[in-house]
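Q: the following comprises the amino acid sequence and a computationally predicted model.
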Amino acid sequence: MFEIKPIFNALCRSKVGAILLLLQIAITTAVVSNASFIIYDHVQYLNKETGFPQDELFRFTVLTFGKDRELSQQFELDEAMLRNIPGVINAVTTNAVPLSGSGSSSSFRLKPSPEESESVNAAYYFADEHALETFGVKLIEGRNFLPEDVRITNTIENAPNVAIVSKAFAEAMFPDEPALGKNFYYFGDKPLKIIGIVDTMLSPWPRSSRPPENTILVPMINPGMYQHIMVRTQAGERAAIMRQMEDVMLDAYNKRVIINIEALDQVKQDYDASDVLMMRMLIVIILVLVSVTALGIFGLTQFNISKRTKQIGTRRALGARKSDIIRYFLVENAMVCLGGLFIGSISAVLLGTQLMQWYSIPALDNSYVAVTALAVFAMTMLAVVVPAKRAANISPSIATRTV
């Protein structure tokens, strides 16, 4: 019914075009399925909840060169001054800015060194009791820091002994038991007792092979010449407050420089710029590959028709209907397409495995291969319809013409 054997024989006689088209379909399937999955993964990441009210937060950096002030006292004065600005909800000095791509992380252990123990990697923020309200993260268990919990120090010996952790870190460190009230260890043998757990609080590296949900708040101020300050404002007040921030800080103490005054959502946007660029490039690649493949199928079918004009006219003269001619080219195209899809699907899985190993991309979901294969098959069949209909309209009289 579908004349598969004669169609296959015809393809073998003009196999260069068929092989090129088969390879093109295979490459399109392999690349498009992986590119679509990567785009989906990036979209999921970009829409991921960070835990921070990004539209209410901004950061800036203080570079202090004056030597006539005690830095820890000056920063306390600065925080108090910032909190008194109309429209400001809270402010805090911290060692790292969330979502910025720059911060500190370490491995935290269940037991002190040198005992053998499981460890969990996490980012940590040094901040005081104002951190929770400033960051806008949700406390779901335990309590906030008290002023007496906070240590102002540059030495490990005077480090704090309590911490607030993210839910993800608590579950990773204590998977089979409640984490609240438990101890874990850092700097080898320094204990930290979990006094609070927050729902979601991403690290400074939201796009990282290490779980970005694993974060810790430590009640510690490590005053230095280079310091970050986070400010949270009421909705709609942020832009106006940011504009006056440099003048306000220099009026309080002018032997310093204020830099990097930036909204947190802009910080996140800058961090994500490479991901957004990659998504756009992948979309362009998909469109180009699909277009080239469709045009290749269209062109090959047109070429085959031009070569087989008398053959088609002869078949029409012998009683072949228009639907038979259309079916012939559809089946021929389907045979080439299925071969390409078979090779392309295997290549897609192998390519996905290599991308996972090289770039820490999640394993390719096979459903993307299946959906891409179906879409490519449908596209190739549609691409051949117009030239196939044109072939079907060839008059039977063409068979009687001489060259």
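A: Okay, I see it.
Q: when you work out contacts or count neighbours from here on, use the C-alpha atoms and nothing else.
A: OK.
Q: not counting sequence-adjacent ones, nearest residue to residue 112?
A: When the adjacent residues along the chain are set aside, residue 112 lies closest to residue 189, with 4.3 Å between them (CA to CA, 6 or more residues apart in numbering).
Q: need phi/psi at that neighbour.
A: Reported as degrees, to the nearest 10, the phi and psi values for residue 189 are phi -130, psi 20.
Q: state the mean pLDDT of stretch 368-379.
A: Confidence for stretch 368-379, expressed as mean pLDDT, is 91.
Q: give me the buried stretch members for that stretch, please.
A: 368, 369, 372, 373, 376, 377, 379 (16 or more other CA atoms under 10 Å).
Q: the fourth one against residue 339, yeah?
A: No: with contacts counted by CA atoms under 8 Å, residue 373 stays clear of residue 339, the gap being 11.2 Å.
Q: per-residue pLDDT, the residue nearest to residue 112?
A: Residue 189 is assigned 83 on the pLDDT scale.
Q: for it, what are its contacts?
A: Counting by CA atoms under 8 Å, 6 or more residues apart in numbering, residue 189 makes contact with 111, 112, 113.
Q: write the ChimeraX selection for whichever of those are buried.
A: To isolate the buried ones among those in ChimeraX, judged by 16+ other CA under 10 Å, type:
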select :111,112
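Q: of the contacts of residue 189, the lowest pLDDT goes to which?
A: For those, the least confident entry is residue 113, with 82.
Q: against residue 190, how distant is that residue?
A: Using CA to CA, to the nearest Å, one gets 9 Å for the distance from residue 113 to residue 190.
Q: got it, and residue 253?
A: For residue 253, the distance to residue 190 equals 36 Å [CA to CA].
Q: between those two, which is the more surrounded one?
A: More neighbours sit around residue 190 than around the other of residue 253 and residue 190, counting by other CA atoms under 10 Å; the figures are 19 against 15.
Q: against residue 51, how distant is that one?
A: Distance of residue 190 to residue 51, computed by CA to CA: 28 Å.
Q: okay, and the common contacts of residue 113 and residue 190?
A: Joint contacts of residue 113 and residue 190 (CA under 8 Å, 6+ apart) do not exist.
Q: which segments of the chain make up each domain?
A: According to automatic domain parsing, the chain is divided into the following domains: 4-47+273-400, 66-254.
Q: redo those as CSV? Include distance to residue 264.
A: Compiled in CSV, those are given as follows (distance: least, CA to CA, whole Å):
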stretch, distance to residue 264
domain 4-47+273-400, 14
domain 66-254, 8
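Q: least reliable of those domains going by mean pLDDT?
A: Taking the mean pLDDT of each of the domains of the chain, the lowest value is held by domain 4-47+273-400, a mean of 81.
Q: from residue 326, how far off is the closest residue to residue 205 other than its chain neighbours?
A: Distances taken as CA to CA, 6+ apart place residue 101 nearest to residue 205, at 4.8 Å, with adjacent residues excluded. With distances taken as CA to CA, residue 101 is found 58 Å from residue 326.
Q: the residue nearest the centre of the chain: what's it in contact with?
A: When the chain is reduced to its mean C-alpha position, the closest residue under CA atoms, centre = their mean turns out to be residue 42, at 3.1 Å. With contacts defined as CA under 8 Å, 6+ apart, residue 42 is in contact with 275, 279.
Q: what strand or helix carries it?
A: Assigning secondary structure by DSSP states H and E places residue 42 in helix 15-46.
Q: buried residues in that helix?
A: Judged by neighbour count using 16+ other CA under 10 Å, the buried positions of helix 15-46 are 17-19, 21-39, 42, 46.
Q: cool, and stretch 275-293?
A: For stretch 275-293, burial by neighbour count (16+ other CA under 10 Å) applies to 275, 276, 278, 279, 282, 283, 285, 286, 289, 290, 293.
Q: count of residues packed around residue 175?
A: Each residue near residue 175 was counted by other CA under 10 Å, and the total is 11.
Q: measure it to residue 334 for me?
A: Separation of residue 175 from residue 334 (CA to CA) stands at 52 Å.
Q: with residue 131 instead?
A: In this view, residue 131 and residue 334 are 62 Å apart by CA to CA.
Q: go on, residue 100?
A: As judged by CA to CA, residue 100 and residue 334 stand 50 Å apart.
Q: and the two? Which one has more around it.
A: Set side by side, residue 100 and residue 334 give different neighbour counts by other CA under 10 Å, the larger being at residue 100 (20 against 17).
Q: next one: phi and psi at that one?
A: With angles defined as degrees, to the nearest 10, residue 100 shows backbone torsions of phi -100, psi -20.
Q: let me see the contact set for the closest residue to it other than its chain neighbours.
A: Computed as CA to CA, 6+ apart, the closest residue to residue 100 that is not its neighbour in sequence is residue 204, at 5.1 Å. Residue 204 is in contact with 96, 97, 98, 99, 100, 101, 102, 103, 123, 212, counting by CA under 8 Å, 6+ apart.
Q: many thanks, we can stop here.
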